[in-house]
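Novice: structure for the following, please:
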Amino acid sequence: MNSPQITVYSATWCAFCHAAMDYFDKLGVTYTDKDVEKDPTAGMEAVEKSGQRGIPVIDIDGEIIIGFDKPKIDAALKARNLA
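Specialist: The predicted structure is shown next:
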């Protein structure tokens, strides 16, 4: 079984982005960090996936979560047996 793909679209100055990544680190969940400032393509991906320009945009196996929404993150992780 493949492990779920998790991507965090972030920027270095974004406190909620860091909070989300710190949370994944604490849980021991592997994710890919895409900095939308360093990589404009990642920024466009985040907008396409979320329909808006705010960050963080968290993609957990195709489920899009906007912002550091802990209950939604926990539910998405639990649904994939990651938490």
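Novice: wouldn't Ile66 be in contact with Asp59 here?
Specialist: No: Ile66 is beyond contact range of Asp59, at 10.5 Å (criterion: CB atoms under 8 Å). The C-beta positions use only the backbone N, C-alpha and C, and glycine is treated the same way.
Novice: of those two, which one has the most company?
Specialist: Asp59 (23 against 17; other CB atoms under 10 Å).
Novice: any idea of the mean pLDDT for stretch 6-24?
Specialist: Computed over stretch 6-24, the mean pLDDT rounds to 97.
Novice: mind listing what's buried along it?
Specialist: 6-11, 14, 17-18, 20-21, 23-24 (16 or more other CB atoms under 10 Å).
Novice: which among the residues you listed gets closest to Ala42?
Specialist: Among those, Tyr9 lies closest to Ala42 (CB to CB), at 5.9 Å.
Novice: need the phi and psi values for that closest one.
Specialist: Phi and psi for Tyr9, reported as degrees, to the nearest 10, are phi -90, psi 120.
Novice: over to Pro4?
Specialist: The phi/psi pair for Pro4 (degrees, to the nearest 10) is phi -60, psi 150.
Novice: could you give the bridge partners of the most centrally placed residue in the chain?
Specialist: Nearest to the mean C-alpha position of the chain, by CA atoms, centre = their mean, lies Ile58 at 2.3 Å. Per DSSP bridges, the residues bridged to Ile58 are Val8, Ile65.
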